[in-house]
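Enquirer: Model the following, please.
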Amino acid sequence: MRAAQAALAAALREHALREGEFTLASGRASAWYVDGRQVTFRGDCVEIVGEAILDAVAAGGGAEFDAVGGLAIGADPVSVAVAFVTGKRAFAVRKEAKGHGVAGRIAGPLQPGDRVLVVEDTVTSGASLLMAVDAIREFGCEIVGAACLLDRSDELAPALAAREIPYFPALLATDLGFAIGS
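Expert: This next block holds a predicted model:
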């Protein structure tokens with residue numbers, strides 16, 4: 001395991017991993033749960049989160065990007081962590097457009113034509129990440145890759161491959177000692 005992966009796995013085990021009976025956002029039952037926000041919202045883990053994403057992208061062949069973001073709220077601290085370690089711009093995708101202010105679904109300094117790395121904390125089906133991809137493309141940006149801190153299953157990779165988006169998970173379920181899809 002690479003250093004950034006090991007640091008992320010240790011932080012998740014210490015602060016975010018729970019065992020018991022859980023219902024995941026995908027609706028599935030699981031005997032384990034990772035509350036990624038217990039790590040991504042910690043100031044002492046910001047660099048770990050950012051470096052783990054960058055390491056995953058580099059290990060997967062790399063992707064040049066101008067901005068990083070994903071669906072609010074899970075992706076927000078991951079985006080900011082990557083922005084912190086790279087100096088790139090971060091943004092958020094709202095689930096629904098707001099009806100006041102500047103309106104729209106995009107919050108932050110994203111510009112049409114930007115090359116974007118889409119991020120998420122933990123994925124099972126990847127529905128949230130795919131929702132963000134659609135909104136970002138609709139905004140007029142190029143998706144150059146998608147990354148997550150932890151992929152619990154193997155469902156998102158084929159969905160992204162079908163959209164021709166490179167995928168960079170920092171950790172898989174097996175890296176925490178669990179079966180893929182469990």
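Enquirer: Which residue ranges of this protein form strands?
Expert: Ranges of strands in the chain, per DSSP state E, are 17-23, 29-34, 67-71, 89-98, 104-107, 115-123, 142-151, 167-172.
Enquirer: hey, what's the residue nearest the centre of the chain bridged with?
Expert: Most central in the chain under C-alpha atoms, centre = their mean is residue 120, positioned 1.7 Å from the mean C-alpha point. On the basis of DSSP bridges, residue 120 is bridged to residue 148.
Enquirer: can you tell me how far it sits from residue 113?
Expert: According to C-beta to C-beta, to the nearest Å, residue 120 stands 23 Å off from residue 113. Every residue, glycine included, has its C-beta placed from N, CA and C.
Enquirer: swap in residue 89?
Expert: Applying C-beta to C-beta to residue 89 and residue 113 gives a distance of 13 Å.
Enquirer: ok, now residue 40?
Expert: Residue 40 sits 28 Å away from residue 113, going by C-beta to C-beta.
Enquirer: Compare those two and say which is more crowded by neighbours.
Expert: A count of neighbours by other C-beta atoms under 10 Å puts residue 40 above the other of residue 40 and residue 113, at 27 against 10.
Enquirer: show me the contacts for that one.
Expert: 49, 74, 77-78, 81, 121, 149 (C-beta atoms under 8 Å, 6 or more residues apart in numbering).
Enquirer: for residue 23, same thing?
Expert: 29-30.
Enquirer: Next one: it, what pLDDT does it get?
Expert: pLDDT recorded at residue 23 is 90.
Enquirer: can you check residue 99 too?
Expert: Reported pLDDT for residue 99: 63.
Enquirer: same deal with residue 54?
Expert: Residue 54 carries a pLDDT value of 97.
Enquirer: and what of residue 27?
Expert: What the model reports as pLDDT for residue 27 is 82.
Enquirer: quick one: it and residue 9, what's the gap?
Expert: With C-beta to C-beta as the criterion, residue 27 and residue 9 are 26 Å apart.
Enquirer: Likewise for residue 89?
Expert: Computed as C-beta to C-beta, the residue 89 to residue 9 distance reads 28 Å.
Enquirer: Neighbour count: the two, which is higher?
Expert: Neighbours were counted for residue 89 and for residue 9 using other C-beta under 10 Å; residue 9 has more, 21 against 18.
Enquirer: Confirm for me that that one is in contact with residue 3.
Expert: No: using C-beta atoms under 8 Å, residue 9 is not in contact with residue 3, being 10.8 Å away.
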